[in-house]
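Q: What follows is a predicted structure for the sequence shown.
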Amino acid sequence: MAPGPGLTISIAEKRFPGAGQPLFADFRLDIAPGSVTALFGPSGIGKSTLLRLIAGIDRDFTGGIAIEGIPAHQSPPSGIVFQDPRLLPWLTARDNVRAAAPTMSAQTADAALAQVGLADYPTAWPYQISGGMQRRVALARAFATNPRLLLLDEPFISLDQALVDDLHQLLADRVATTRPTVIFASHSAEDVARLATRVITLAGRPATIAQDLAFPLPPAHRDSATMAAYASQLATGTPHAALD
Amino acid sequence: MSLPLLLLLWQALAMAFPHRLFPAPSAVAVELWLLAADGPLLSDLGKTLLRATTAFLIAMALGTALGIVLGRTRWLDRLFSGWLLVGLNLPAIVVAIVLYIWLGLTELALIAAVVINKVPLVITTIREGVRSFSADYDELATALRLAPLRRLRLITLPQLMPFILAAARTGLSLIWKIVLVFEVLGSDGGVGYRVSIQFQFFDITGILAYTTAFILVVLAVEYGLLRPLERKVLQWRPAPA
């Protein structure tokens, strides 16, 4: 399968009304096809905003974002997972997945749910399943929306460790099999060391790229030593001795 | 349970104070049977129901559409909120009389009068509903690039449904009441018309028989239609503890 799309991000200015400093000014970033890019940095730095701009939700900025050369809001929708699961409470798990794609059959949706470990819950209402399960439904919906471009906004926040490990595994497998382009926002070095092939550290206001690191080993093949080395490189900025 | 109790109380009172103008429920039941079998009750009831249903459907459709528009568009809401206030407080009987004068004692005038009385109520309820919408779901709809009709079906209507049901319920009870009044005022049949004739003869048994038939219909609508619909449409909500 062809890898996910490449992106060209060029934001002349993004500012929120009433804010003194713009959030982004003359911000440029190119994303390679099939890469897993982490947007790393503290809360409030602009990670979520950048994802919203890419998703075409927020069009109130100057500049341009192109996905395979097409303006973001005109390109096919990206598979997005928000910080909250954001399921539609009046739809069953299956119909939440199907909401992403008008032509999707119930069988396909059930298969998508089975892939995230929810084979037994297609007809559950969101209020009946746990927060972690809701997040997995949201992930299945994102896969259904666009399996080639995934935007994940703090997808592992406030989940217990076992579930985070599960989701990490799920995404790493997904990356290995279908090679989507993934952009995810995180402030956890652990998530980043586990999944990212490239880390953009954002800092300051307007936000600039403080650090741009490549973690070349495919996420599915990383052992704990590699991840520890990546995490240390993220913290210090210099490659860890173990990586030589 | 509460309704049999009411009947029992009525029967007991009627037996304690027997009077021509205070018939027992058993007498009313017999009268009800006679009027239904040989009298005009069924055709009157049919006329009234047809009027009520037509007015109800028009008012709900119109009120919902306008409520969505006013809830979404600030300047339109500011422009028309005064009209709405007037509409809400306009005495129902005045609307009916004016329309009867303009349009004559016609079916159209009657239904239009009911609709005009009911629409402002629906608009206000729906408008509140639209204002309570969550921006999060709009964001999701944009992210999924939902087409307008799908957006309406998946995002807008489900959020609006509790408000539509509330408007339907309050609206229905209002319509039952005013349709009868307007029928008294000017029409050629229907429950209200017949009751006003029975009034002239002090035929209290007949009046109560008609009222009972009417209440039976209302109960059937509530338990046979509205409640099951509500359960079906709102089943996604956790059952109240």
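A: Looks like it came in fine.

Q: Run through the chain and note the low-pLDDT ranges.
A: Answering for chain A, as no chain was given. A:1, A:240-244 (pLDDT under 70).

Q: looking at chain B here, not the other one
A: B:1, B:240-241.

Q: Output the set of residues of it in proximity to chain A.
A: Residues of chain B found near chain A (CB under 8 Å from any CB of the partner chain) are B:136-137, B:139-140, B:142-147, B:150, B:154-155, B:158, B:161, B:235-238. Where C-beta positions appear, they are placed from N, C-alpha and C, glycine not excepted.

Q: Contact partners for residue 49?
A: Defaulting to chain A. Residue A:49 makes contacts with A:14, A:23, A:24, A:58, as judged by CB atoms under 8 Å, 6 or more residues apart in numbering or on different chains.

Q: The chain in question should be chain B.
A: For residue B:49, the contacting residues are residue B:217, by CB under 8 Å, 6+ apart.

Q: Now it: phi and psi?
A: Its backbone dihedrals place residue B:49 at phi -60, psi -40, with angles given as degrees, to the nearest 10.

Q: Next: residue A:208.
A: Its backbone dihedrals place residue A:208 at phi -120, psi 170, with angles given as degrees, to the nearest 10.

Q: check which helix or strand covers the residue in chain A positioned nearest to chain B.
A: Checking chain A residue by residue against chain B with CB to the nearest CB singles out residue A:90 as nearest, at 4.0 Å. Element membership of residue A:90, judged by DSSP states H and E, is empty: it is in no helix or strand.

Q: wait, it sits on residue B:236?
A: Yes - applying CB atoms under 8 Å, one finds residue A:90 in contact with residue B:236, separated by 4.3 Å.

Q: Quick one: residues contacting the residue most central in space within chain B.
A: By CA atoms, centre = their mean, chain B has its centre lying nearest to residue B:172, at 1.6 Å. With contact set as CB under 8 Å, 6+ apart, residue B:172 has these partners: B:56, B:221, B:226.

Q: I'd like to know how many residues surround the residue of chain A closest to chain B.
A: By the other CB atoms under 10 Å in any protein chain shown criterion, the neighbourhood of residue A:90 contains 20 residues.

Q: Enumerate every residue touching it.
A: Under the criterion of CB under 8 Å, 6+ apart, the contact list for residue A:90 reads B:158, B:161, B:236.

Q: what separates it from residue B:9, distance-wise?
A: Here the criterion is CB to CB, to the nearest Å. By it, residue A:90 lies 43 Å from residue B:9.

Q: try residue B:63
A: The spacing between residue B:63 and residue B:9, counted by CB to CB, is 38 Å.

Q: ok, now residue A:209?
A: 81 Å.

Q: Specify which residue of those two has the higher count of neighbours.
A: residue A:209 (15 against 11).

Q: Can you verify the more buried one is assigned to a helix?
A: No - under the criterion used here (DSSP: H, G, I helix; E, B strand; the rest coil), residue A:209 is strand, not part of a helix.

Q: For it, which residues are in contact?
A: Taking CB under 8 Å, 6+ apart as the definition of contact, the neighbours of residue A:209 are A:29, A:200, A:201, A:202.

Q: helix, strand or coil for residue B:55?
A: Taking three-state DSSP as the rule, one finds residue B:55 in the helix state.

Q: how about the helices in chain A?
A: Assigned helices in chain A, in chain order: A:47-55, A:93-98, A:106-115, A:131-145, A:161-178, A:189-195, A:224-236 (criterion: DSSP state H).

Q: Show me the residue at the heart of chain A, geometrically.
A: Closest residue to the average C-alpha location of chain A: residue A:152 at 2.4 Å, with CA atoms, centre = their mean.

Q: Please report the distance of the nearest residue to that residue once chain neighbours are set aside from residue A:45.
A: In space, residue A:152 comes closest to residue A:184 once its chain neighbours are excluded; the distance is 3.9 Å by CB to CB, 6 or more residues apart in numbering or on different chains. Per CB to CB, residue A:184 is found 14 Å from residue A:45.

Q: same deal with residue B:103?
A: Distance check for residue B:103 against residue A:45: by CB to CB, it reads 66 Å.

Q: quick one, which of these two is more surrounded?
A: The residue with the greater number of neighbours, taking residue B:103 and residue A:45 and applying other CB under 10 Å, is residue A:45; the counts read 21 against 14.

Q: re earlier: just the ones of the contacts of residue A:209 in strands?
A: A:29, A:200, A:201, A:202 (DSSP state E).

Q: For the third one, grab the count of nearby residues.
A: Going back to what we said before, that points to residue A:201. Burial of residue A:201, expressed as a neighbour count using other CB under 10 Å, amounts to 18.
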